[in-house]
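Chemist: 3D model of this:
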Amino acid sequence: DDDDDDDDRDNNDKKQKKEEVEVEEGASDDDGEKDLYQLKDDEELDEYKRNKDASEALLKKCQFLFGDWAKSGILEDAGYDLILMAETVYSEANIPHLCELLDRCINPNGGRVYLGAKCAYYGVGGTTKGFSDVLCNTPSRRNKWKAETVWTNKGGGLRREIILYSCICN
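Modeler: Numbers count the residues shown, from 1 in each chain. The predicted structure is shown next:
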């Protein structure tokens, strides 16, 4: 009797383990992406590690800045290919300083800037339209920058958008 119970338990354990493996190997999120815990074969795990290493190397090249855009030396002239900004255009008074900073720091051969922001900041006057006008339509910049809205929220409430600014110097 004890031997039969052990055999049944072993068979149940094997069956449960087989079902777990089948579920993990075939499972995916709603977007079709496999979660890390589902990476079972060495090839998938190696690819994950390579991507993770590449991401960490890229982050070491990034700088995260905040503060007064008019402050001298906040960012050296660097020729950045990509600049990401969020909630940076809230103050109308600082928009010219931010534009000057972008002029100095962007790669003139196709650098891009993504801005994610509210369309209007009530009480302080900054707007994405005002920023775009200063960056793209100031006489000294008129042929330097092109703006394209790449996303606008469709829901109610405060309107937000993401704008791509491309440097078209050359």
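
Chemist: residues contacting the residue nearest the centre of the chain?
Modeler: What sits nearest the mean C-alpha location of the chain, by Cα atoms, centre = their mean, is Leu84, with 7.7 Å. Applying Cβ atoms under 8 Å, 6 or more residues apart in numbering to Leu84 gives the contacts Val113, Tyr114, Gly116. In short, each C-beta sits where N, CA and C put it, glycine included.

Chemist: most neighbours out of these, which is it?
Modeler: Val113 (21 neighbours; other Cβ atoms under 10 Å).

Chemist: mark which of the contacts of Leu84 are part of strands, please.
Modeler: Among the contacts of Leu84, the members found in strands (DSSP state E) are Val113, Tyr114, Gly116.

Chemist: without its sequence neighbours, what residue ends up closest to Ile106?
Modeler: Counting by Cβ to Cβ, 6 or more residues apart in numbering, Ile106 lies nearest to Cys167, which is 4.8 Å off, once chain neighbours are set aside.

Chemist: so that neighbour touches Ile83, yeah?
Modeler: No. Contact status for Cys167 versus Ile83: not in contact, 9.9 Å apart, counting by Cβ atoms under 8 Å.

Chemist: rewinding a little: for the contacts of Leu84, which one is nearest Tyr122?
Modeler: For those, the residue nearest Tyr122 by Cβ to Cβ is Gly116; the value is 18.0 Å.

Chemist: picking up where we left off before, in CSV: the contacts of Leu84, plus pLDDT.
Modeler: CSV is the format used below for the contacts of Leu84 (pLDDT from 0 to 100):
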residue, pLDDT
Val113, 96
Tyr114, 97
Gly116, 96
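
Chemist: pLDDT at Ala86, what is it?
Modeler: Predicted confidence (pLDDT) for Ala86: 93.

Chemist: how many neighbours does it have?
Modeler: Ala86: 10 neighbours (other Cβ under 10 Å).

Chemist: one more: Gly79?
Modeler: 11.

Chemist: I'd say it and Cys105 touch.
Modeler: Yes. If you go by Cβ under 8 Å, Gly79 and Cys105 touch, sitting 7.5 Å apart.

Chemist: so what's in contact with these two at the same time?
Modeler: By Cβ under 8 Å, 6+ apart, no residue touches both Gly79 and Cys105.

Chemist: before we move on, back to that, now for Cys167 and Ile83: what residues contact both?
Modeler: Ile106, Gly111, Arg112, Val113.

Chemist: show the model's pLDDT score for the closest residue to the second one other than its chain neighbours.
Modeler: Right, the one you point to is Gly111. Leaving aside its chain neighbours, Gly111 sits nearest to Cys167 (4.4 Å; criterion: Cβ to Cβ, 6+ apart). If you check Cys167, the pLDDT there is 93.
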